[in-house]
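Enquirer: Structure of the sequence below:
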Amino acid sequence: MIIKEAIILAGGLGTRLRSAVPDLPKCMAPINGKPFIAFVIDHLQKQGIEKFILSLGYKSEAIVEFINTEYSMMNVEYSIEDDPLGTGGAIKLACSKATSENVIATNGDTLFKVNMDKLSGLHQQQNAACTLSLKPMQNFERYGVVELNNNQSISSFKEKQFYKQGLINGGLYALNVQEFLQKDFPEKFSFEKDYLEKYFTEGKMFGSVQDEYFIDIGLPEDYTKAQKEL
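Expert: Here you go, the predicted structure:
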């Protein structure tokens, strides 16, 4: 069963992109005249996602207006933070609007063209709490590395430093909603640090390796690169 519901985290301030996008949430940064989040939504729709929960914060009205205009037929709900809750708090709040057992969670400023059949298949076959989409990379230092056991369960998270090659966390997850909500989290927390890195030793987190197109527009040079590639 392919997962049909997705949470998109779109509340980011885009502080590092201020020079390029002064007055918008990061995911609204224009790429050849089209907000970046549109590329994310379009890919997810092509992969079978039917319901969207948009997690919003900073300047949320700009995103709501865009969605209501350009995606008026889309099944969408909004989860709006009054104060920034961190990636974990934002996903937790958005999960309260989820209606399926499993959801996809991803970032509105990253496009990773993951094959959802492959990701959903592994996630459900392993009865996983969370399945990460992992991108193989060469010669990089701005990402940490995720290592896997033979059964594709996660064996470790390694810090950011220079790596000749490795698997990076592409920021797109299949998540079992109830398993996640049962954990005891503070109101504000990091999905990566306080959930993934804290609980992977329980053996219920897996990695789906997908060598697909990946871009993260959080840095000005990648924002410029996206203008050429998308």
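
Enquirer: For the top strand by length along the chain, which strands pair with it and how are they oriented?
Expert: Using DSSP state E to define each element, the chain has its longest strand at strand 163-176. As defined by DSSP bridges, the strand partners of strand 163-176 come to strand 102-107 (antiparallel), strand 130-140 (antiparallel).

Enquirer: The shortest one: what's the following helix or strand?
Expert: On the C-terminal side of strand 102-107, the closest following helix or strand by DSSP states H and E is strand 110-112.

Enquirer: so how far is the helix or strand just after that following strand off the chain centroid?
Expert: With elements assigned by DSSP H and E, the helix or strand that comes after strand 110-112 is helix 116-125. Mean-position distance between helix 116-125 and its chain equals 16 Å (Cα atoms, centre = their mean, to the nearest Å).

Enquirer: Ok, stretch 162-177 next?
Expert: For stretch 162-177, the distance to the chain centre is 10 Å (Cα atoms, centre = their mean).

Enquirer: Repeat that for stretch 80-90.
Expert: Here stretch 80-90 is found 14 Å from its chain centre; the criterion is Cα atoms, centre = their mean.

Enquirer: hang on, the earlier thing: got JSON lines for the strands paired with strand 163-176, with mean pLDDT and mean neighbour count too?
Expert: All C-beta atoms are positioned from the backbone trio N, CA, C, and that covers glycine. JSON lines is the format used below for the strands paired with strand 163-176 (pLDDT from 0 to 100; neighbours: other Cβ atoms under 10 Å):
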{"stretch": "strand 102-107", "mean pLDDT": "98", "mean neighbour count": "25"}
{"stretch": "strand 130-140", "mean pLDDT": "97", "mean neighbour count": "20"}
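
Enquirer: Reformat those as CSV; add distance to residue 56.
Expert: Formatted as CSV, the strands paired with strand 163-176 follow (distance: least, Cβ to Cβ, whole Å):
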stretch, distance to residue 56
strand 102-107, 13
strand 130-140, 23
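
Enquirer: Residue 65: neighbour count?
Expert: 10 (other Cβ atoms under 10 Å).

Enquirer: if we can go back for a sec, pLDDT (mean, whole number) over the longest strand of the chain?
Expert: In this model, strand 163-176 has an average pLDDT of 98.

Enquirer: Now do that strand against helix 116-125, angle only.
Expert: Going by axes from the mean of the first three to the mean of the last three Cα atoms, to 10 degrees, strand 163-176 is angled at 70 degrees with respect to helix 116-125.

Enquirer: Tell me which residues are up against whatever helix or strand comes next after strand 163-176.
Expert: Proceeding C-terminally, strand 163-176 gives way to helix 177-181 as the next helix or strand, assigned by DSSP H and E. By Cβ atoms under 8 Å, 6 or more residues apart in numbering, the residues outside helix 177-181 that reach it are 91-92, 95, 98, 100-103, 129-130, 195, 204.

Enquirer: now do stretch 31-47
Expert: By Cβ under 8 Å, 6+ apart, the list of residues contacting stretch 31-47 reads 2, 6, 8, 10, 26-30, 52, 63, 66, 70-71, 74, 104, 106, 108-111, 113-117, 217, 226-227, 230.

Enquirer: In this structure, where is pLDDT below threshold?
Expert: Residues of the chain that meet the criterion pLDDT under 70 lie in 13-22.

Enquirer: what about residue 60, how many residues close to it?
Expert: 18.

Enquirer: That one touches residue 78, doesn't it?
Expert: Yes - Residue 60 lies in contact with residue 78 (Cβ atoms under 8 Å); the separation is 7.2 Å.

Enquirer: Could you verify my assumption that residue 86 touches residue 189?
Expert: Yes - the criterion here is Cβ under 8 Å, and residue 86 meets it with residue 189 at 5.1 Å.
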